[in-house]
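> sequence and predicted structure below; questions after.
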Amino acid sequence: MISISDAWPSDAIEKHKSYVYQVIDRTLAEEPALGRVTRAFIRSHRHDIAYGRPAALRRVIGCAEILKFALSVAAYEEFAEDCKKIFNYEAFSRIKPPNWGAYALCSASKYSMCPYCHQSFAHTLVPDGYGAFRPTLDHYYPKARYPYLGLSVFNLVPSCYTCNSQLKGVKNFYEEVHAHPLEDTADEIEFVFDLSAYIEARRRGGSEYRLEVRGRSDAAAMSVSTFALDRRFAINGAYLDSFIARALDYINGAPARSRINPRLRFGLKEADVIGFDAENYKNEMLGKIKLDLYGIVLAR
């Protein structure tokens with residue numbers, strides 16, 4: 001739904017790259033039973049596997065698919081099993097700071113909302129003692145099908161359990177292309193509604209309006225369907241109705257509104273009044289939908 005291509009800071013990418021390199025080098029040295037094909041493939045693609053962007057990961061998959069056709073079924077299965085041993089996500093997911101693992105990676109993320117739905121939190125908490133939690137890390141290209149990408153940093157999308165496990169499930173986003181949150185693109189989903197019809201409904205004492213979710217590409221339209229965005233956002237109708245009303249009130253009353261409340265003796269910013277900070281929309285629940293709705297209100 002939203003682009004978080006800069007979710008992983010450069011220092012986190014460096015730490016993750018170092019971790020993956022160490023995993024590769026240690027396993028290649030300590031597992032003499034690994035096949036010759038596996039060793040050649042991993043050595044050839046180690047940089048892209050560790051920290052390649054989504055386009056690079058697709059090229060790695062393409063090379064592996066060619067390999068699949070060149071090898072016998074048994075030989076490719078051996079290659080896949082070797083990759084599962086090397087890129088062991090289950091081991092990575094259990095590691096907590098101060099060592100590098102899934103908790104440390106998630107803690108480094110710049111964003112705290114699930115990029116697929118933007119209505120569930122993706123926080124990380126690693127306290128002393130008990131109570132640690134983190135978002136699920138969705139393998140955008142499923143590790144069961146592409147085990148060599150099991151630890152690839154740009155294949156790990158911090159997301160909510162509902163999107164990752166209940167809605168996406170076992171879907172293969174390499175074969176069924178969806179919007180990729182870690183792709184360096186603009187947000188591919190937009191929200192539109194008829195503001196005039198909304199205002200007229202409120203004047204009549206109602207609050208009916210139609211909100212439409214649109215994908216700007218075929219991939220984005222697939223994401224709308226897979227993550228049930230139209231139905232899920234409909235659940236938030238009352239909240240969004242209140243937001244639109246507050247935005248209209250603020251914009252229409254802004255010229256007459258004092259910047260300083262005489263009783264409080266401090267000023268209220270736009271974000272304080274309408275409950276939305278447009279500059280930080282990616283870290284706000286329903287931020288993208290509120291950004292689009294607020295833009296429609298401003299353009300009235």
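Looks like it arrived, so ask away.

> just the strands in the protein please.
Along the chain, the segments classed as strands by DSSP state E run 136-139, 156-159, 189-193, 211-215.

> save those strands as JSON lines, and put in distance to residue 123, mean neighbour count and mean pLDDT too.
Every C-beta, even on glycine, is put in place using the N, C-alpha and C of the backbone. As requested, the strands of the chain are arranged in JSON lines below (distance: least, C-beta to C-beta, whole Å; neighbours: other C-beta atoms under 10 Å; pLDDT from 0 to 100):
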{"stretch": "strand 136-139", "distance to residue 123": "12", "mean neighbour count": "21", "mean pLDDT": "97"}
{"stretch": "strand 156-159", "distance to residue 123": "9", "mean neighbour count": "26", "mean pLDDT": "97"}
{"stretch": "strand 189-193", "distance to residue 123": "23", "mean neighbour count": "18", "mean pLDDT": "89"}
{"stretch": "strand 211-215", "distance to residue 123": "25", "mean neighbour count": "17", "mean pLDDT": "89"}
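
> any idea which of the ones you listed gets closest to residue 107?
Among the strands of the chain, strand 156-159 comes nearest to residue 107, with 10.2 Å by C-beta to C-beta.

> returning to what we had before: can you list the strands of the chain in TSV and add distance to residue 53?
What follows is the strands of the chain, written out as TSV (distance: least, C-beta to C-beta, whole Å):
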stretch	distance to residue 53
strand 136-139	15
strand 156-159	13
strand 189-193	21
strand 211-215	22
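
> tell me where the stretch 151-300 of the chain has helices.
Taking DSSP state H, counting those that start in this stretch to define them, one finds helices in the stretch 151-300 of the chain at 161, 195-203, 218-226, 229-234, 237-253, 270-274, 287-298.

> quick check: angle from the fifth one to strand 189-193?
The directions of helix 237-253 and strand 189-193 differ by 70 degrees, with axes from the mean of the first three to the mean of the last three C-alpha atoms, to 10 degrees as the criterion.

> how's this structure carved up into domains?
In terms of domains, the chain is parsed into 10-168, 189-298 (source: automatic domain parsing).

> for those, which has the smallest mean pLDDT value?
When these are compared by mean pLDDT, domain 189-298 comes last with a mean of 85.

> now do it: distance from first to last residue.
As for domain 189-298, its first-to-last residue distance stands at 19 Å under the measure C-alpha to C-alpha, to the nearest Å.

> likewise for stretch 23-36?
Taking C-alpha to C-alpha, the first and last residues of stretch 23-36 lie 18 Å apart.

> report the buried residues of it.
Judged by neighbour count using 16 or more other C-beta atoms under 10 Å, the buried positions of stretch 23-36 are 23-24, 27-28, 34.

> any idea how many residues pack against residue 232?
17 (other C-beta atoms under 10 Å).

> oops, could you answer that again for residue 203 instead?
Tallying neighbours of residue 203 according to other C-beta under 10 Å, which is how burial is gauged here, yields 8.

> one more: residue 60?
Burial measure for residue 60: 21 neighbouring residues, criterion other C-beta under 10 Å.

> one more: residue 123?
Neighbour tally, residue 123, other C-beta under 10 Å: 13.

> likewise for residue 7?
A total of 23 residues lie near residue 7 under the criterion other C-beta under 10 Å.

> so who does it touch?
Contact analysis of residue 7 by C-beta atoms under 8 Å, 6 or more residues apart in numbering lists 109-111, 115, 158, 181-182.

> retrieve the pLDDT associated with it.
Reading off the per-residue confidence, residue 7 sits at a pLDDT of 96.

> which residue packs closest to it, ignoring adjacent ones?
In this structure, residue 7 finds its nearest non-sequential neighbour in residue 109, 5.0 Å apart by C-beta to C-beta, 6 or more residues apart in numbering.

> so that neighbour sits right up against residue 156, yeah?
No: the pair residue 109 / residue 156 is not scored as a contact, 9.9 Å apart, by C-beta atoms under 8 Å.

> center of this protein, which residue is that?
Note on the chain: the residue nearest the mean C-alpha position is residue 115, at 3.4 Å, using C-alpha atoms, centre = their mean.

> fine by me, we can end here.
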